[in-house]
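Trainee: Make a model of this:
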Amino acid sequence: MSKITGRTRTSEKQTSVRIEFHLCGRLGDRGETAHQTLQHGEEKETLKMVTTMLELPDNPIATPEHDQEMNIRLSDAPNWIYLLREFYEIYRYLSPAGSNQIRSHQRAVREAISRLMASNAIIKPGTGITKPVTGHLRRAIDEGLMERHANFLRCIDAISDSIDWQYGYEKVPRGLKDKFAYAEFSGPFGPVISQEVILGIVLFAPNCTYPAHAHDGITESYFCLSGAVSENHQGVYAPGSLIFNPSGHRHRITVSNREPALMAYAWVGPKEKLSDQKMMFSRK
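Mentor: From the prediction side, this is the model:
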């Protein structure tokens with residue numbers, strides 16, 4: 001947000017105005033133009049110009065209402081719509097293999113995505129923050145392009161500059177800093193704002209072991225986009241596979257030593273749990 005502070009001092013011969021711009025990229029070169037105008041004593045015109053730059057009605061102070069108006073909506077961002085559609089299609093057509101629990105989870109994810117799209121949700125794009133493991137992302141996407149869900153990978157590629165990769169921990173577990181990161185697509189904190197579902201991707205480097213953990217009050221599923229993983233040493237999940245973890249289920253993930261693994265994930269649960277989810281790690 002831009003902040004403008006002013007100080008006016010009047011004398012018989014002149015009025016001087018000092019306007020201080022604290023910018024987060026909104027004015028750019030136009031801020032320099034305003035500064036030059038001020039140096040020539042054209043205070044009134046400068047205030048009018050700055051107001052126009054910030055698209056404010058009459059007041060040169062940026063307001064929360066103005067920020068709300070500047071928010072991007074899904075209808076303004078086709079690539080995000082396509083991404084959500086691909087998520088929906090996976091949870092619609094992938095077989096639950098006779099499991100009522102998985103079928104119920106898939107339905108909950110689909111319904112949350114449908115409501116999200118129908119609401120023309122707000123989008124707060126990221127800035128493309130990366131982590132060391134994202135050096136493997138190109139390989140993971142290329143491998144996934146050979147699978148039936150290739151369109152999903154193309155959608156991820158299309159919005160890759162607008163997502164932020166993160167760890168999600170104040171202190172990253174030992175050995176994970178270079179081998180793991182995730183990026184959210186929707187959730188309470190965006191980019192697509194939702195109080196019902198968290199959608200995202202997680203990237204594991206080759207030979208990564210993700211510690212045993214559980215999610216309180218959250219049902220979780222992973223869809224393997226590329227690479228291969230094992231959960232709790234109880235099977236190998238290749239591209240096109242779904243892993244389902246009920247609330248409180250402790251799970252540990254290991255990854256192939258030759259290729260990275262890229263997984264899409266969906267979390268559903270009560271709003272208060274989604275907005276304040278804490279990982280519970282275990283040494284087991």
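
Trainee: which secondary structure element contains Ser230?
Mentor: Element membership of Ser230 [criterion: DSSP states H and E] is strand 229-231.

Trainee: Give the pairing partners of that strand; include direction for each.
Mentor: Applying DSSP bridges, strand 229-231 is found paired with strand 236-237 (antiparallel), strand 251-255 (antiparallel).

Trainee: highest average neighbour count across those?
Mentor: strand 251-255 (a mean of 19; mean count of other C-beta atoms under 10 Å). Glycine gets a C-beta too; all of them are placed from N, C-alpha and C.

Trainee: tell me what the helix or strand that that one is followed by is packed against?
Mentor: Downstream of strand 251-255, the next assigned helix or strand under DSSP H and E is strand 261-268. Here strand 261-268 touches helix 78-93, helix 100-118, helix 137-144, strand 197-204, strand 219-226, going by 3 or more C-beta pairs under 8 Å, 6 or more residues apart in numbering; DSSP states H and E.

Trainee: what angle do strand 261-268 and helix 78-93 make?
Mentor: Orientation check (axes from the mean of the first three to the mean of the last three C-alpha atoms, to 10 degrees): strand 261-268 against helix 78-93 gives 80 degrees.

Trainee: Quick one: work out the angle between strand 261-268 and helix 100-118.
Mentor: Using the same axes, to 10 degrees: strand 261-268 against helix 100-118 is 80 degrees.

Trainee: Might you quantify the distance of strand 261-268 from its chain's geometric centre?
Mentor: Distance, stretch centre to chain centre, for strand 261-268: 13 Å (C-alpha atoms, centre = their mean, to the nearest Å).

Trainee: again with stretch 181-197
Mentor: With C-alpha atoms, centre = their mean as the basis, the mean position of stretch 181-197 lies at 5 Å from the chain mean.

Trainee: Buried residues of it, list them for me.
Mentor: Using 16 or more other C-beta atoms under 10 Å as the test for burial, stretch 181-197 gives 181-188, 190-194, 196-197.

Trainee: Let me see the mean pLDDT of it.
Mentor: Per-residue pLDDT over stretch 181-197 has a mean of 95.
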